[in-house]
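> How does the following fold in three dimensions:
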Amino acid sequence: MSDTSPEGSPASAESPAAAGSPDFDDMTRDIAEVPAVEVLVTVAVNLMSAAAVKLGLTEDGDKYKDLDEARKLVHALAGLLDASATEISSFHAAPLRDGLKSLQLAFREASVVPDEPGQGPGEKYTGPVYG
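Below you'll find the predicted structure:
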């Protein structure tokens, strides 16, 4: 029997945790301690940030601008907020809804051919967004 893997590198008897990789049990325990509302808000903020980048609202502006990608992110954010509306308090939901509306308005402004009212990203969930 050989001491090398099929790729030719030496086989290691160390577990991934011993090699410096995070231990799955520790990660699971950490996730288990996070309240659901915190997970939902974190995901929403990540979607908002990614959408802002794809809308060209960062310092780099047009470098990462991609309205097709932005549309998908804004739509997903709207769906998440709609689905979780009864699960998170208005303390958390209100600023997220404000951020969503700002992204929807930025999308409408950035579009060369604006969507009809009610047809923009996420408007299936929020209704038409006007400035």
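
> Okay, and Lys124 sits in which element?
Using DSSP states H and E, Lys124 maps to helix 123-126.

> Next, the buried residues of that helix.
Within helix 123-126, the residues that count as buried by 16 or more other C-beta atoms under 10 Å are Glu123, Tyr125, Thr126. All C-beta spots, glycine's among them, are computed from the backbone N, C-alpha and C.

> and the most centrally placed residue in the chain, which of the three is it?
Centroid-nearest residue in the chain, with C-alpha atoms, centre = their mean: Leu47, separated by 2.8 Å. Assigned by DSSP: H, G, I helix; E, B strand; the rest coil, the conformation of Leu47 is helix.

> related to what we said a few turns ago, and the helix holding Lys124, how far out from the chain's middle?
Here helix 123-126 is found 18 Å from its chain centre; the criterion is C-alpha atoms, centre = their mean, to the nearest Å.

> Which elements pack onto that helix?
Counting contacts by 3 or more C-beta pairs under 8 Å, 6 or more residues apart in numbering; DSSP states H and E, helix 123-126 packs against helix 67-84, helix 90-110.
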